[in-house]
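J.: Provided below are the primary sequence and the corresponding predicted coordinates.
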Amino acid sequence: MSEPKPMPIDIPARWPLASVFFIVLAAWLALSWPWLSGLVTIPWDAKAHFHPQLQFLARAWHDGLAPFWTPNVFSGHPQIADPQSLIFSPPFALIAALNATPDFRWSDGAVLGTLLAGALAIVVLFRDRDWHPAGAVVAALAFAFGASAAWRIQHVGQVLSLGYFAVTLVLVARALERGSFVYGFLAGLVAGFMVLGRDQVALLGVYVLAGLVLAAIAMSERPWRALRGSLAPLLAGAGGAILVATVPILLTALLAQDSNRPAIDLVEAGKGSLHPASLLTGLVANLYGAAGPLENFWGPPSPAWEARFGPLQLYLARNMSQLYLGLLPMLLLLCVGLVRGALLRREIVAMSVAAMLVLVYALGRYTPGFSLLFHLPGVDLYRRPADALFMLGALLALLAGYLTHLVMTGAAPRGRIWHWLVEALLLAGALSAAIWLAATTGRLALAAVPLIIALLCAVLSLGALVAARGLAQRGAGLAAAAVLASTLSIDLAVNNGPSESTALPSGNYEVLRADSRNETIALLKRETARTAGPDRRDRVELAGIDFHWPNASLVHDLDNTLGYNPLRLGHYSQATGAEDHVALPDQRRFSALMPGYRSLLADMLGLRFIATGVPVDQIDRALKPGDLVQIARTKDAYVYENPRALPRALLVTQAQQADFEAILSSGQWPQGFDPRRAVLLDRAPPPLPTGPAAQGSVAIASYGTTEVTLSVDAPRGGFVVLNDVWQPWWQVEIDGRPAPLLRANVLFRAAVAPPGRSTVRFVFRPFEGLWAEIGRRLRARGAPPV
């Protein structure tokens with residue numbers, strides 16, 4: 001017997017876009033207000049890493065300098081090739097152009113604004129499909145404030161990629177449906193900016209978009225005709241993406257080859273998998289205590305969980321496994337979508353399949369499917385399959401919005417008795433599993449409140465759905481949308497609102513303000529100004545003070561030997577022991593060549609001032625009394641001076657060839673080597689004019705981000721050594737004429753100074769370096785075998 005068809009409810013062919021935009025904007029403003037007001041700020045990586053990047057970008061531009069290289073972290077870093085430098089991020093670049101000293105509300109607003117742009121794009125997508133405005137509102141809010149978009153908002157790059165994905169999706173849809181070259185090109189441009197994130201969310205976004213495009217063509221009534229009609233917009237999109245993304249990606253690819261990034265195999269990637277038990281957070285937002293104090297967290301892979309169920313070898317932060325989109329979306333997905341089969345309808349099945357594949361990806365080693373997906377191009381660059389929760393949240397939000405449309409229009413499958421039984425069993429099973437896990441780990445008291453809140457939100461959501469359905473039946477579609485928007489906003493504010501993972505008091509990060517009055521920063525600025533000289537620009541090190549301190553040097557224009565960045569020049573990390581972060585004292589690792597602060601390399605770096613969160617001998621246990629001089633004890637740090645720090649620029653008259661790899665691995669400099677008199681080169685040194693020795697000098701005439709000019713007086717010539725990190729995109733000019741750039745003393749730059757007075761100019765030219773490297777590789781491929 002066939003199921004009776006429900007009577008559909010007519011909705012306007014084109015409901016008022018502005019009205020629905022207003023509803024979404026009002027909800028966005030309410031949910032974003034804690035951050036936009038300045039009461040709290042997005043913490044952790046958003047402040048420790050990305051906000052200093054924005055400050056540097058803004059300062060460089062407003063000082064008339066190029067932001068392509070910074071001397072402020074890791075003794076020099078190529079920002080132009082760093083995916084997280086924000087140079088190629090339109091919202092942050094716009095802020096940097098408008099404001100020389102953007103505060104936290106600017107950087108937080110850029111992140112939240114990108115999510116708003118994605119949410120509004122989803123509204124447009126629903127309107128284009130004549131889907132109910134209530135569905136558009138549910139999808140938009142669940143997208144912007146659900147799953148990882150809410151719980152991992154501090155991972156700025158991935159949030160930006162997610163926002164670009166939603167905008168690209170609607171542009172691609174319009175391009176295909178209208179055969180539009182313009183929409184295709186615009187989709188390519190936005191997709192290019194998404195790809196420029198060079199993160200796992202962007203990679204998954206590319207695969208999901210490609211899959212949806214192929215499905216749309218294959219499932220059309222006339223696939224070959226659809227394919228022919230799609231060629232022009234798709235080629236335009238490819239052109240737009242190539243225009244935006246090609247050069248930055250090539251720069252990053254070349255940098256990555258010389259960086260510290262390790263190869264990631266299947267086993268290593270599996271350590272970042274989403275544990276299946278984390279799927280319960282789709283129904284109970286804070287089930288495992290992720291929002292509260294760290295000691296209350298008991299979900300996988302916490303100590304509490306492993307004490308009961310054994311070690312997991314998972315490396316995920318507590319906020320990385322949260323799937324909650326709101327009870328209304330999740331109930332619709334489980335009941336109307338899965339049990340009643342609405343997700344298999346032709347118009348949405350491709351997105352359903354995409355969501356299933358992304359879920360398999362996120363679960364990583366817990367399904368056999370990930371081992372197959374791991375072989376897709378680009379996947380082996382990333383170490384955490386659970387990052388797929390960003391994309392999964394977006395797809396589930398879209399699916400939930402579609403299901404809301406079905407309910408509002410009366411087109412949803414009617415429930416039968418067996419549907420209701422299966423739905424009840426699913427929900428009861430999830431609730432029972434949550435209670436059993438909490439009881440088994442001894443955390444039932446902690447889980448009780450989230451469970452009760454989930455039940456209350458379920459009642460509220462079902463009541464709102466009934467009320468909205470009644471309004472929709474009477475033709476009040478916008479009122480129905482407003483009811484669901486209000487309900488979902490309350491739900492998301494309670495369950496996905498500010499927490500320790502997503503919002504901390506702005507005052508916690510005062511040191512990252514451009515106008516900070518922090519006494520440690522003020523002291524370091526004073527001391528580096530005091531010791532500055534014609535040939536000196538002393539460096540500092542910020543070690544083991546707090547999570548957000550290492551990149552403070554980007555904000556305050558201090559030249560730091562360390563910093564916070566997962567991507568660093570490989571030879572610098574090998575030489576100095578620099579790692580991703582140095583928030584804790586034990587994260588300051590040394591190396592064979594720099595076994596401690598009392599080392600020749602530390603002196604050559606010009607490391608003059610060291611600020612540490614604990615007494616320095618707890619970090620460098622090889623120090624002896626007198627090796628460093630303590631000059632201050634501030635509220636935050638112990639501050640020491642290294643009196644042996646060498647000048648930034650040196651003029652020497654002796655040179656010898658050395659094996660830099662052997663020096664790096666052994667930690668041994670050639671016997672008798674003195675960097676004040678001689679330079680080590682990785683090639684045979686050019687001869688200097690002979691003659692009686694004469695005193696020479698070198699002075700820093702100007703020091704910018706991408707250009708350093710030295711005034712040299714070398715009576716019989718010599719070698720100018722600039723103790724800044726060598727990187728092949730730097731070039732040298734002597735009196736305006738190109739000269740060879742030499743790699744000196746393992747890490748640094750040098751050039752041959754002619755006899756007499758000269759001007760030596762080091763210039764960072766990454767684009768010329770890129771073309772030269774591409775040309776070199778092409779010539780190597782075309783060369784006949786030796």
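T.: Right, received. Where do you want to start?

J.: who are the contact partners of the one residue sitting closest to the centre of the chain?
T.: Most central in the chain under CA atoms, centre = their mean is residue 157, positioned 3.4 Å from the mean C-alpha point. Residues counted as contacts of residue 157 (CB atoms under 8 Å, 6 or more residues apart in numbering) are 50, 83-84, 197-199. No exception for glycine: its C-beta is placed from N, CA and C like everyone else's.

J.: out of those residues, flag the one nearest to residue 446.
T.: Minimum distance to residue 446 across the contacts of residue 157 is 31.9 Å, recorded for residue 50 (CB to CB).

J.: give me the number of residues near the closest one?
T.: For residue 50, the count of nearby residues is 26 (other CB atoms under 10 Å).

J.: pLDDT at it, what is it?
T.: Per-residue pLDDT puts residue 50 at 97.

J.: any idea how far residue 91 is from it?
T.: Separation of residue 50 from residue 91 (CB to CB, to the nearest Å): 12 Å.

J.: and what of residue 248?
T.: As judged by CB to CB, residue 248 and residue 91 stand 16 Å apart.

J.: so those two - more neighbours on which side?
T.: residue 248 (22 against 19).

J.: backbone dihedrals for the more buried one, both of them.
T.: Dihedral pair for residue 248: phi -60, psi -40, per degrees, to the nearest 10.

J.: pretty sure it sits against residue 197.
T.: No - contact criterion CB atoms under 8 Å: residue 248 and residue 197 do not qualify, at 10.4 Å.

J.: anything in contact with each of these two?
T.: Shared contacts of residue 248 and residue 197 (CB under 8 Å, 6+ apart): none.

J.: give me the mean pLDDT for stretch 725-739.
T.: Mean per-residue pLDDT for stretch 725-739: 97.

J.: ends of that stretch, what's the gap?
T.: End-to-end span of stretch 725-739 (CA to CA, to the nearest Å): 18 Å.

J.: next, count neighbours for residue 530.
T.: Neighbour count of residue 530, defined by other CB under 10 Å: 9.

J.: mind checking which helix or strand it is in?
T.: Taking DSSP states H and E as the definition, residue 530 sits inside helix 519-531.

J.: now the helices for the stretch 101-250 of the chain?
T.: Secondary structure of the stretch 101-250 of the chain by DSSP state H, counting those that start in this stretch: the helices cover 104-128, 133-145, 147-151, 156-178, 181-195, 200-218, 223-257.

J.: those: lowest mean pLDDT?
T.: The bottom spot among the helices of the stretch 101-250 of the chain, by mean pLDDT, belongs to helix 223-257, with a mean of 94.

J.: alpha carbons of stretch 562-575, as CSV, please.
T.: Listed next in CSV are the C-alpha coordinates belonging to stretch 562-575 (Å, rounded to 0.1, in the frame of the first residue of the first chain):
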residue,chain,number,x,y,z
LEU,A,562,61.8,32.2,18.6
GLY,A,563,58.1,32.5,18.0
TYR,A,564,54.9,30.5,17.5
ASN,A,565,54.4,28.9,14.1
PRO,A,566,54.1,25.3,12.9
LEU,A,567,56.0,26.3,9.7
ARG,A,568,59.6,27.4,10.0
LEU,A,569,62.8,27.3,8.0
GLY,A,570,64.2,23.9,8.4
HIS,A,571,67.9,24.8,8.7
TYR,A,572,67.0,27.4,11.3
SER,A,573,65.1,24.9,13.4
GLN,A,574,67.9,22.4,13.1
ALA,A,575,70.5,24.9,14.1
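
J.: fine by me, we can end here.
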